[in-house]
Every structure is written in structure tokens, then in C-alpha cells.
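Q: Sequence and predicted model, in that order:
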Amino acid sequence: MLKDASSRRAFLGAGALLGTALGACRTQESAPAAEQQLPGLLGEPVRRYGARSPHETAARAIRETKTPEASSSRTPLADSYGTITPSALHFERHHAGVPAIDPAGHKLLIHGLVDRPLIFSVEDIKRLPSVSQPHFIECSGNSGGEWSPAGAPTVQLSHGLAGCSEWTGVPLKILLAEAGVRGGAKWLLAEGADACKMQRSVTLEKALDDAIVAYGQNGEALRPEQGYPLRLVLPGWEGNVNVKWLRRIKLTAEPQYVKDETSKYTELMEDGKAWIFTLEMDAKSVITSPSGGQALGARGYREISGLAWSGRGKITRVEVSTDGGGSWTEAGLQEPVRTKAFTRFTLDWQWTGEEAVLLSRCRDETGYVQPTLAELIAERGRKSVYHCNRIKGWKVAADGSVSNAQA
Amino acid sequence: MRKHETGGELKMGRRARAGEILRRITFWAAALAPAAAVLSAQQYGLGRSAEPDEIEAWDITIGPQGKELPPGAGDAREGAKVYEVRCKECHGEAGAGGDQVGFIGKPEQLIGEKTVRNVGSFWPYATTLFDYTRRAMPFDRPGTLTDGQIYAVTAYILYLNGLVSEEETMNAETLPKVKMPNRGGFIRDPRGKR
């Protein structure tokens, strides 16, 4: 079962949202709001490490399992602004818990088809030329429930296995050049230092393209649950290959067909065959506000806002429908639009108090357009489990409550 | 309604295009370089040489051909005893599944309304069973089974699926020869790169 922060918020938030809407719609009746405090009382002193206001309660939604070390938590997308996910709210997926690693002792071994097998300390890696780039990371199981027609009731539950951070680290090709990649190497195996020593095969082509060995996230060190002190970041590729707690890279001629690229993270077709190494994440968008579990307050102006991303490059266009797909309007894209990163789209909207069904669909720079569920099923059947990027809808009822349009 | 500029659709900026050209040159330069080295430009001199024993201690991955399998051996009868003590609590009686996945299945179960994806029905390589058990199991205490116990419990799970007999010994030579029923069940994403 999933604990959802935002469904609770739906009940608590109705009053507050009414209050917020007041400024925009002065003709509406007001709900009682907390009184504004007057300045004057002496505030809190400076502090070494900040914490958010006690009034802010957005939290990850945890999938409860019998083994909480092998579980996931989902980003509260409905409560996030802009395109960067706060590190503390970035989704998690662990297979054997979060290891407690002292960076002073952590090493990264590069071996296999190389001229010089090398061991790098974290300090070595931090001395090398760095890049800082925002990239989304999305579990390929994100929106897995959306393969069923109904789908999930909130955007946190339907799309929350995704987040976007600014990652800082050394391009993997620099480390590979130091070790010297031998002819015949076509793949590499990346392995973590968690209890299950999670491993995945990655093409050398991707490693030489835009792979990063990251130590920074959103301006500070990686969070332990994001791979502290080192993780692999493979922009645009499914979350699981972005190996956390990275300790080993082995250059190989062939993929290793490890458990997490055969028995898991493969897509079963209706004929019993399964697609393997479907590593790029297809373009996807979702409206985060208004979204399921929220409640619109007063009628009048309300910005529609959401997120779009593609594992193949930049988002070039997002269209929004407020009538369930009858007509579409091009949304604005907040600049800068970055490759393989969350892109925030917005659209002006006047809510008249009538029922509405809100949809979004995006397109990336390769020309790929986000599909409907029917289109996805026509291509892949119903057994895929992973890589669901269907168009998602939210229904606004006459009373302002927002729910899953497919339910 | 506010008019939004999307701009730049399907157009690459000059910098992005230069980056793309550089990327392609780098890639093709790497791909076409003499076989000696794809990429070898030790420029920074950081990192230290990894000693053979350090590599051996960490290089635990067992590939599909099983070339990396360690010495040791075990059969299903011994494996049943290991399973009883170290696996059954989560994976159920005789691999039937419990709080965690079961192991028994056939590829026919990959088709139809209710599909079953497990070792018997889905896994393409027997060697993966050894690799994963050794690196990750038992869940709360990985690394506490001997290689012999891992061969034995691997043999037991294969035996439960009717893929080896109860007496057949699994070792570095025999395990890679076990052909899993769904060996040919995986295809590369036919959509290719878009």
C-alpha cells in the first residue's frame, strides 16, 4: 500500500486553496484564513543547516513492503515548483537498503578491457574536470499502474518515481581515457556498493557520450539515498542503470545479462517475447497542478502547470486540453529548456466552475509525440509493466475537486 | 490568453550543433581507432594502479557463459537443506513463493491473462542464479553462503523446475550447460533509436 501525502492534503488543503485564490478573484466569498502576523517579534537566530518552514509538509510517499530496505518512495510532484526536485524529496528505489559509506574509504575500480586498471578515490574524482547539469532520473516502473485503464488517483502515485536534480561530477569518458579503453570493448558493467551489489550493463557508446560519475546533487554532496559518495548518471536512461554507491566499472565485449536486465526491467510482449535493453525513457508529460487529490477554490484565473521530459533530448512542445482531448492549446515552456531534464509548462486558464478534463501531451526534439494508452497498447500490448508514458488526465468536478479522469 | 513562444522546435542551437558534431567525431574516432585502444589519453595522472588481487576480490560478476564461476560444487539434495534454513522463510515451501517471489514456472506462463515471470518461466541463463544468490542473498545477510552452498541451492531451484536431476552436480563446468527454457525469449527493442 502507498501512503500518499497529497491525498491527505486534499482534505486539509481545500480551505487554504480558497484563501490563495482570493487575490485573483475578489468577487468570490472568502473562507476564513489565518491572520497575518504583524512584524515585530524577534525572530530565530542564524543556523548552520537550514530547514523548511514548519508549515511546509510535502513528503515522499512510501511503498510499504515487508522488507523496507527493498522499497521505493515517490516525489510529491504536485507540491514541487520549477524543474529541480529538492534532494530530500527526490524519489528513492533501493534493492538492499541505503549503505552507510565513509567517503574517505570509498574507491572506484575501473578494469576489464583497459590498458591500465585504476582505482580512484573520491578525492581523485573531485580533482578532475567537472560538469554540472540538470537531468531527470525516472524509474522505468514509474506510471506502471497507468497500464491499467484506471491509473492512480494522484500525480505523486502515478508519476512520482521521477525527479530532476542538478548533478555535478566528472564525465565518465575522462575516467575511461585515464584507464585506456581497449579495442573490443563495447559495453561496461557498473556495480554499486550496496548490500546486493546492484549491477547493470551499459553501452560504451553511452559512456562516451554523456555519462557522469556524480558526487554532487543540487549544490551539495549526493544524499546517501541517491548514492553517496558516487553514482553513475546516464542522462535520459531508465533509473535503475544510474547505479548508486558506484564502486566498480568493468569494460567488456558483451553485456553481462545480469538479473536486473533480464528478469527485471525488460518488457514482456503479448507473444511471450520480452524486449531487453530498452534503456531510453520515452517522452512524457503530466499536469501537476491542478491534479488528483487537490481542490480548486474559487472560480476564475488559475494557471495550469506541469512537467515534461524526454530521455532523447529536449522537449519542444507541450499541448494541453481542458475538454478531455476535444481541443488542444499549446502551453508555454519555462526557459531554459534543458536536454533530458524536467521542463515546466504552463497555460493560462479561467475555471468557470464547470466540469473539465485536463490532459497534456508533449513532443521532443526527435519528433516523438507522447502516446495515448490505446496507442501504447497497440505497440506493446498490456504486459510491459515498465516504460508507461501514456497521456494522463485529471477531472475537475463542478465542486472544484480534482480526481483521476480515468477512474 | 497569454501567447507563449515555444521557439526552437526541431532546431538546434549553434552550440548544441557544435557539441553534437564533436560528439559524433569523438564517437567515430573511438569506433574507428586501431584495435589497440579505443580511448587512451592518460591526461591527468590521477588514480592509482589496481593490483591483480584487488581486482580479483571485486570482480565477482558471473556472465552468461559462466567463465568466471568459482571452484566448488553442490547438488539438489544438499541444496534442499540449504534452502530449508536460508531461503524458505521468504520464498516459501519448495520454491512456491511466499512473501517474496517463487521460482517454479514454464515459458508457457508468459502468455495469457495471468503471466508468471520467474526463474523457471523467464530467466534466460542459469549462471545468473549463481551470480545473484552470491551477491545478494540471503537478503539480510548476503555473503554468508559458501560457493558450495550456492551451487547446491542453485541446483535445487533448477531441480524444482525439472531442469536437472536430483543427483546432478552443479559446478563451474556443468552450470553454464544448463539451458534455461526461456533462453531465446529476449529480443532487442525493435523500435531502434528514434
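A: Noted; the coordinates are in hand.
Q: C-alpha only now, for contacts and for neighbours.
A: Will do.
Q: how deep is residue A:223 tucked in, by neighbour count?
A: 17 (other CA atoms under 10 Å in any protein chain shown).
Q: what about it, distance to residue B:114?
A: The gap separating residue A:223 from residue B:114 is 39 Å, by CA to CA, to the nearest Å.
Q: now residue A:160
A: Distance from residue A:160 to residue B:114, by CA to CA: 27 Å.
Q: In terms of neighbours, single out the busier of those two.
A: Taking other CA under 10 Å, residue A:160 and residue B:114 do not tie; residue A:160 has more neighbours (25 against 8).
Q: tell me the contacts of that one?
A: A:74, A:75, A:76, A:77, A:91, A:142 (CA atoms under 8 Å, 6 or more residues apart in numbering or on different chains).
Q: any idea which of those residues is closest to chain B?
A: Ranked by distance to chain B (CA to the nearest CA), the contacts of residue A:160 are led by residue A:142 at 18.8 Å.
Q: secondary structure class for that closest one?
A: Following DSSP: H, G, I helix; E, B strand; the rest coil, the label given to residue A:142 is coil.
Q: Identify the residue nearest the geometric centre of the chain.
A: Because you didn't say which chain, this covers chain A. residue A:162 (1.6 Å; CA atoms, centre = their mean).
Q: hm, I was asking about chain B
A: residue B:128 (5.5 Å).
Q: Okay, and that one sits in which element?
A: Per DSSP states H and E: residue B:128 is located in helix B:127-136.
Q: neighbours around residue 87, how many?
A: Answering for chain A, as no chain was given. Residue A:87: 21 neighbours (other CA under 10 Å).
Q: You answered for a different chain; I wanted chain B.
A: For residue B:87, using other CA under 10 Å, the count is 20.
Q: cool, the one 10 residues further on as well?
A: Residue B:97 has 16 neighbouring residues, counting by other CA under 10 Å.
Q: Tell me the secondary structure at it.
A: Criterion first, three-state DSSP; result for residue B:97: coil.
Q: Look at the nearest residue in space to it that is not next to it in sequence and report its pLDDT.
A: Residue nearest to residue B:97 in three dimensions, not counting chain neighbours: residue B:91, with 4.4 Å by CA to CA, 6 or more residues apart in numbering or on different chains. In this prediction, residue B:91 carries a pLDDT score of 97.
Q: returning to that earlier point: and the residue nearest to the centre of chain B, how far is that from chain A?
A: 6 Å (CA to the nearest CA, to the nearest Å).
Q: One more: residue B:47?
A: 4 Å.
Q: is it true that that residue touches residue A:120?
A: Yes: counting by CA atoms under 8 Å, residue A:120 is a contact partner of residue B:47 at 4.4 Å.
Q: joint contacts of those two?
A: By CA under 8 Å, 6+ apart, no residue touches both residue B:47 and residue A:120.
Q: From what I see, residue B:158 and residue B:166 are in contact.
A: No: contact criterion CA under 8 Å: residue B:158 and residue B:166 do not qualify, at 9.3 Å.
Q: Of these two, give the one with the bigger neighbour count.
A: Neighbour count, other CA under 10 Å: between residue B:158 and residue B:166, residue B:158 has more, with 26 against 18.
Q: Kindly list the main-chain dihedrals of the more buried one?
A: phi -70, psi -40 (degrees, to the nearest 10).
Q: Nearest residue to it in space, ignoring adjacent ones along the chain?
A: residue B:164 (5.9 Å).
Q: do the same with residue A:320
A: residue A:360 is the one closest to residue A:320 (CA to CA, 6+ apart), at 4.4 Å.
Q: State the pLDDT value of the one you found.
A: Residue A:360 is given a pLDDT of 98.
Q: Helix, strand, or coil at it?
A: Going by three-state DSSP: residue A:360 is strand.
Q: Next, count neighbours for residue 96.
A: Because you didn't say which chain, this covers chain A. Neighbours of residue A:96 (other CA under 10 Å): 21.
Q: Chain B, not that one
A: Count around residue B:96 with other CA under 10 Å applied: 15.
Q: How about residue B:122?
A: 31.
Q: re the thing from before, now do the residue nearest to residue B:158 against chain A, distance only.
A: 21 Å.
Q: Contacts only, for that residue.
A: Per CA under 8 Å, 6+ apart, neighbours of residue B:164: B:155, B:158, B:178.
Q: Now that we have these, can you turn them into JSON lines and tack on pLDDT?
A: Output for the contacts of residue B:164, formatted as JSON lines (pLDDT from 0 to 100):
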{"residue": "B:155", "pLDDT": "98"}
{"residue": "B:158", "pLDDT": "98"}
{"residue": "B:178", "pLDDT": "98"}
